[in-house]
Structure formats: C-alpha cells, structure tokens
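A.B. asks: no FASTA, just this:
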Ligand SMILES: Nc1nc2c(ncn2[C@@H]2O[C@H](COP(=O)(O)O)[C@@H](O)[C@H]2O)c(=O)[nH]1
Ligand SMILES: [Mg+2]
C-alpha cells in the first residue's frame, strides 16, 4: 500500500487501523481532505549533524536584532521552560500555566528589543532554519490538488510565514494561525496579537477566534501532523470528522515518550528528519490523480 510505512523510523500501535483510514482517505478523495499541521519541529527539522535546528522563536532569539543581554535572558527562559514542556512526567494541565508564563515572559523580552518589521526577511535569511527533506513535494502536492493546509503554530507567525515565503511554498491553499507581531506606524514591534498560542492550548479555546474550519465544513477527512502531545487537539475545530490520521514526529526523549506517543498518534516517526512517510501516504491517497 504505502512502501514508506516500512521505514525503520515508523511505529504504529495498530497498522490495521492506519491501513483502514488511509484506504478511506483514498476512496473519498481530495475534495473531502484537509491537512492540519504544527510547524516547529514538525515541518522544520529538529536537528542536523548533531545540532538542534532553530524554532521560529530561536530564529529571533539568535538574530542580530536581539541585544546580548536580551539573548541571554531568552536563552535562560528556554533552558528553564523547555524541559518542562517536554517533561513526560507532568500532565498538560500542570504545564499549561507554566507555558503561558514562558510565552508571556519571552514576548515581553522581545518587545524590549524594538524589532523592525522591515528586518524580518533578513533575520530569516541569516538564520539556520531548516525545513524537513521533502517539504516541497508536501506543499506542492497539496497545492496541486487544492487541499487546504492549516498550519497551527505556537511559534512566531511573522517568522514562520517568511520561512515559507523564502522556501517558495507559501501557496494560496496554506493558512496560518500563530502568534503574530503587531507593529506601530513606524514599523516597530509594540505587542503580540491575541490570542496567545502556546504548545498546550492549540484547541477549541483559541480556534473560536477563527472561522477557518467553518469554511471547510465539507472536508471531514483530516491528516494531522505534530511533534507535541499538545498538537493532537489542533483539529478540534473541525465539525463531524469522519476519518482522521494522526502522524507524530517523536524527536526528543524518544525512549521515555515512545509509549505515550504510540498510544496517542496513529503513526509515530522516531527521529525521522524527512517528510517521506507523509509524502508516501499523500501519494497513495492521491495516487491515480497525480
Ligand atoms: N527558543 C525558544 N523556543 C520557544 C520559545 N517559546 C516557545 N518555543 C518553542 O516553540 C515551539 C512552539 O512552536 P510550534 O510551531 O511547534 O507550535 C515549542 O515547542 C517551544 O519549544 C521561546 O521563547 N524561545
Ligand atoms: Mg512543534
């Protein structure tokens, strides 16, 4: 069916369930399909040559527009809160207030840096951001078949969109919901727009701010891509889901999180820096139409 599902990085709690859902997605065709995806560490790489790749926040934190003092404070926040974010022994309920704290303090520090709208393109150009291998095939296949892609990110929307633009994949079928910067009339960052989106509130609580899914009510088949347990609720806004295939990128603390990810995601990709499996599934679903 899908040769890529034989990859060593692929783990499925129920291969039969996965085959059943993929067959249904193929049978019912692209007009009923929509894709909902996280961005950081899902469409962007987790690591390369043994080093971590930047999230959209990192791209800002590491850029020239941040003062040395600001960079140190942002890095201190990352070192304190990121272990909490991925701590397998704490519940999402325990983590939520701490994630609000992290994002609020980080955004507060960024507001002190007087970041200019006109500098965003250069910040991204000079960054070490890397999208996963196969990302062009992924975006182009969805665009070619007019399949909506909703990117739901707790990162920085302005940075994320610029990454997509520079990668030439920001096609008309792509919509983004993220933390966006609000600039004053001189183009200086003055606040972040509401609602604040963090790793563990990508769900109905913020989706009510958008009518995105209402406009796609006929598309009741979903492919969901994420790297965090919090990403599993990203499609909560879709009414009457008929079929959903969830694909989880397990990048960090693999051994400690393997069981939880396999229980939660239909397909788990362990330490896979590509979109091969996702593209293989899409190719099968769209097969005769390609
Ligand atoms: N370097 C920093 N990384 C941060 C910060 N706040 C959040 N994050 C990371 O971003 C992702 C969320 O993005 P998503 O697209 O995956 O939803 C999250 O996993 C955090 O690790 C920060 O201030 N600095
Ligand atoms: Mg992510």
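C.D. replies: That came in fine, so what should we check first? Since this is a predicted model, take the numbers as computed values, not measurements. Ligands and ions are numbered 1, 2, ... in the order given.

A.B. asks: spell out which parts of the stretch 151-290 of the chain neighbour ligand 2.
C.D. replies: residue 227 (CB under 5 Å from the ion). Where you see a C-beta, it was placed from the backbone N, CA and C, and this is true even at glycine.

A.B. asks: for ligand 2, what's its nearest residue on the stretch 151-290 of the chain.
C.D. replies: The nearest approach of the stretch 151-290 of the chain to ligand 2 comes at residue 227, 4.3 Å away (CB to the ion).

A.B. asks: what's the single longest helix in the protein?
C.D. replies: helix 92-111 (DSSP state H).

A.B. asks: quick one: is it near ligand 2?
C.D. replies: No. Helix 92-111 is not in contact with ligand 2 by CB under 5 Å from the ion; minimum separation 12.5 Å.

A.B. asks: what does the stretch 1-150 of the chain put close to ligand 1?
C.D. replies: Residues of the stretch 1-150 of the chain lying close to ligand 1 (CB under 6 Å from any ligand atom) are 38-41, 55, 57-58, 61, 74, 77-78, 82, 85, 102-103, 106.

A.B. asks: closest to residue 231 among these?
C.D. replies: residue 38 (4.5 Å; CB to CB).

A.B. asks: pull the contacting residues for that closest one.
C.D. replies: Residues counted as contacts of residue 38 (CB atoms under 8 Å, 6 or more residues apart in numbering) are 151-153, 202, 225-228, 231, 234.

A.B. asks: just the pLDDT at it, thanks.
C.D. replies: With respect to pLDDT, residue 38 has a value of 98.

A.B. asks: next: residue 209.
C.D. replies: Per-residue confidence (pLDDT) for residue 209: 74.

A.B. asks: now it: how far from residue 196?
C.D. replies: 11 Å (CB to CB, to the nearest Å).

A.B. asks: so stretch 79-86, near ligand 2 or not?
C.D. replies: No. Stretch 79-86 lies out of reach of ligand 2 by CB under 5 Å from the ion, never closer than 9.8 Å.

A.B. asks: tell me which residues in that stretch are buried?
C.D. replies: By neighbour count on 16 or more other CB atoms under 10 Å, the buried set for stretch 79-86 is 81, 85-86.

A.B. asks: pick out the lowest-pLDDT one from the residues you listed.
C.D. replies: Among those, residue 86 carries the lowest pLDDT, at 92.

A.B. asks: for it, give me its contacts.
C.D. replies: 228, 252-253, 257.

A.B. asks: next one: residue 223
C.D. replies: Residues in contact with residue 223 (CB under 8 Å, 6+ apart) are 25, 33-36, 244-245, 247, 278, 281-282.

A.B. asks: does whichever strand or helix holds it reach ligand 1?
C.D. replies: Using DSSP states H and E, residue 223 sits in strand 221-226. No. Using CB under 6 Å from any ligand atom, we find that strand 221-226 stays clear of ligand 1, coming within 7.8 Å at best.

A.B. asks: ok now that strand, how far from the chain's centre?
C.D. replies: Relative to its chain's centre, strand 221-226 lies at 11 Å (CA atoms, centre = their mean, to the nearest Å).

A.B. asks: and the angle from the next helix or strand after that strand to strand 221-226?
C.D. replies: Going down the chain from strand 221-226, the next helix or strand is strand 243-250, by DSSP H and E. Calculated by axes from the mean of the first three to the mean of the last three CA atoms, to 10 degrees, strand 243-250 forms an angle of 10 degrees with strand 221-226.

A.B. asks: which outside residues touch strand 243-250?
C.D. replies: Residues from elsewhere that reach strand 243-250 (CB under 8 Å, 6+ apart): 18, 21-22, 24-25, 28, 41-42, 46, 220-227, 231-232, 235, 257-258, 261, 264-272, 277-278, 281.

A.B. asks: buried subset of those?
C.D. replies: 18, 21-22, 25, 41-42, 46, 220-227, 231-232, 235, 257, 261, 264-270, 272, 277-278, 281.

A.B. asks: got the contact list for the closest residue to residue 257 other than its chain neighbours?
C.D. replies: Of all residues not flanking residue 257 in the chain, residue 88 sits nearest, at 5.2 Å (CB to CB, 6 or more residues apart in numbering). For residue 88, the contact set (CB under 8 Å, 6+ apart) comprises 253, 256-257, 260.

A.B. asks: got the phi/psi numbers for residue 88?
C.D. replies: phi -70, psi -10 (degrees, to the nearest 10).
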